[in-house]
Each structure stands twice: as structure tokens, then as C-alpha cells.
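1. Here is a sequence with its predicted model. Questions after.
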Amino acid sequence: MPLPKISEFRELSDQELSDQILAAKRELFELRFKKATRQLDKPHLFKHTRHRLAQLMTVEQERKRAAADTSQSVAE
């Protein structure tokens with residue numbers, strides 16, 4: 001399973017982005033639970049999920065900054 005590209009996440013709508021972030025956080029929780037109960041057989045999934053979550057949160061922050069910049073330039 002290759003690591004996802006950030007360009008794929010930039011194409012998502014705001015709602016889809018939020019849903020994906022929530023899903024990634026839930027998946028990380030489930031992976032930690034499986035690791036604690038020794039049921040985890042693919043430890044590389046931690047890296048992939050954390051990487052995907054970081055990309056999603058980066059896109060979310062970019063959009064928030066862009067919205068803040070446009071609102072400041074309109075106010076001036």
C-alpha cells in the first residue's frame with residue numbers, strides 16, 4: 001500500500017476532509033488498541049495512517065489560513 005499523495009486530499013471538499021480526518025483518528029485509535037491487545041499483525045499501518053492524518057490536517061490548516069487571509073484583506 002503506497003503512501004497517499006497530498007494532491008489527492010486537496011481535491012476533497014471541506015466536509016469530506018473533516019470526515020477523512022475523523023476516520024484517520026479513529027483508525028489510529030483502533031491500531032493502538034490492537035497493538036495493546038497483541039492483535040496487530042501489520043505495524044506499518046501506523047506509519048501510513050499517521051502520514052495520511054498529517055497530510056489531511058495540513059490541507060485543513062492551509063484552507064483555514066487562506067480563509068483568514070482573504071477575510072483580512074477584505075476588512076482592510
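-> Sure, I can see it. Numbering: from 1, shown residues only.
2. longest single helix anywhere in this protein?
-> helix 44-75 (DSSP state H).
3. Please name every helix or strand in contact with that one.
-> With contacts taken as 3 or more Cβ pairs under 8 Å, 6 or more residues apart in numbering; DSSP states H and E, helix 44-75 sits against helix 6-10, helix 14-36. Where C-beta positions appear, they are placed from N, C-alpha and C, glycine not excepted.
4. Quick check: which of the ones you listed is nearest to Thr58?
-> helix 6-10 (6.9 Å; Cβ to Cβ).
5. Could you check that closest one and say which residues are buried?
-> Buried residues in helix 6-10, defined by neighbour count with 16 or more other Cβ atoms under 10 Å: Phe9.
6. what do you get for stretch 39-48?
-> Buried residues in stretch 39-48 (16+ other Cβ under 10 Å): 45, 48.
7. quick check: mean pLDDT across it?
-> The predicted model assigns stretch 39-48 a mean pLDDT of 91.
8. Tell me the span between the first and last residue of it.
-> Start-to-end span of stretch 39-48 (Cα to Cα, to the nearest Å) is 18 Å.
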